[in-house]
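Novice: need coordinates for the following:
(2 chains)
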Amino acid sequence: AQTVTQSQPEMSVQEAETVTLSCTYDTSESNYYLFWYKQPPSRQMILVIRQEAYKQQNATENRFSVNFQKAAKSFSLKISDSQLGDTAMYFCAFSGGTSYGKLTFGQGTILTVHP
Amino acid sequence: DTGVSQDPRHKITKRGQNVTFRCDPISEHNRLYWYRQTLGQGPEFLTYFQNEAQLEKSRLLSDRFSAERPKGSFSTLEIQRTEQGDSAMYLCASSSENEKLFFGSGTQLSVL
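Specialist: Presented below is the predicted three-dimensional model:
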């Protein structure tokens, strides 16, 4: 079974600064996907970024980028130029290659961006 | 395309009653997923459909839970004889095969 661990229950950052959220996972699968989801107070889950395990290049989406360390089973999210709208709960998630939409989520990190 | 729609947004019920939730996925999506999220935790997978076929069910889905997707479009999730431990947010998501999941806003269930 897969496990996903987020060791930071809460983080805070000043507007326009950079913050990194940590995530580790455990799996015996060789083909898998990793995700970061954002859940604002509206409770709707929004995909922030996705990484395929077979790709060595770290995924980036505008101000969001990941540091994927496959051997260490680490998948951190870096948010640059933080904005007030980034305030939300962030979840790291894992999906096996043969069951793409069956996600295993971490416990979440509450991120607060201060003006 | 208005995204994934869930109804109702909130449901309060008494222990022992039956409840049913509905999910309308994005129209061209053939996959539909149900997740459950308790306060302060990440969502947990319950079940998923490809078209009208229910392909996988989590062990979390006890015999009191049943999900259907009769024509491969909308889906319903029914909980019979609700218990206080069933109180949670029930999330629905849809996708095309191996593509990005789009989540609905969820149904918040409170069992008194």
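Novice: could you use CA atoms for every contact and neighbour count after this?
Specialist: OK.
Novice: contact residues of chain B facing chain A?
Specialist: Applying CA under 8 Å from any CA of the partner chain, we find that chain B lies next to chain A at B:33, B:40-45, B:48, B:98, B:100-106.
Novice: so what's the nearest residue to residue B:33 once chain neighbours are set aside up against?
Specialist: Leaving out its chain neighbours, the residue that sits closest to residue B:33 by CA to CA, 6 or more residues apart in numbering or on different chains is residue B:48, at 4.3 Å. By CA atoms under 8 Å, 6 or more residues apart in numbering or on different chains, the residues touching residue B:48 are A:102, B:31, B:32, B:33, B:34, B:54, B:55, B:56, B:57.
Novice: among the residues of chain B next to chain A, who's most crowded?
Specialist: Neighbour counts for those (other CA atoms under 10 Å in any protein chain shown) peak at residue B:106, which has 30 neighbours.
Novice: who's the residue nearest to residue B:33 bridged to?
Specialist: Per DSSP bridges, the residues bridged to residue B:48 are residue B:33, residue B:56.
Novice: residue contacts, the residue of chain A positioned farthest from its centre?
Specialist: What lies farthest from the middle of chain A is residue A:115; by CA atoms, centre = their mean that is 23.1 Å. By CA under 8 Å, 6+ apart, residue A:115 lies in contact with A:14, A:15, A:84.
Novice: could you rerun that using 6 Å?
Specialist: residue A:15 (CA atoms under 6 Å, 6 or more residues apart in numbering or on different chains).
Novice: quick one: it and residue A:15, what's the gap?
Specialist: Distance of residue A:115 to residue A:15, given as CA to CA, to the nearest Å: 5 Å.
Novice: for residue B:20, see how far away whichever residue of chain A sits closest to chain B is.
Specialist: Residue of chain A nearest chain B, by CA to the nearest CA: residue A:44 (4.6 Å). Residue A:44 sits 20 Å away from residue B:20, taking CA to CA as the criterion.
Novice: could you do residue B:55 as well?
Specialist: Using CA to CA, we find residue B:55 at a distance of 20 Å from residue B:20.
Novice: so the two - more neighbours on which side?
Specialist: The neighbour comparison of residue B:55 against residue B:20 (other CA under 10 Å) goes to residue B:20, with 15 against 11.
Novice: chain neighbours aside, what residue packs nearest to that one?
Specialist: In space, residue B:20 is closest to residue B:78, 4.3 Å off (CA to CA, 6+ apart).
Novice: could you do residue A:16 as well?
Specialist: In this structure, residue A:16 finds its nearest non-sequential neighbour in residue A:81, 3.9 Å apart by CA to CA, 6+ apart.
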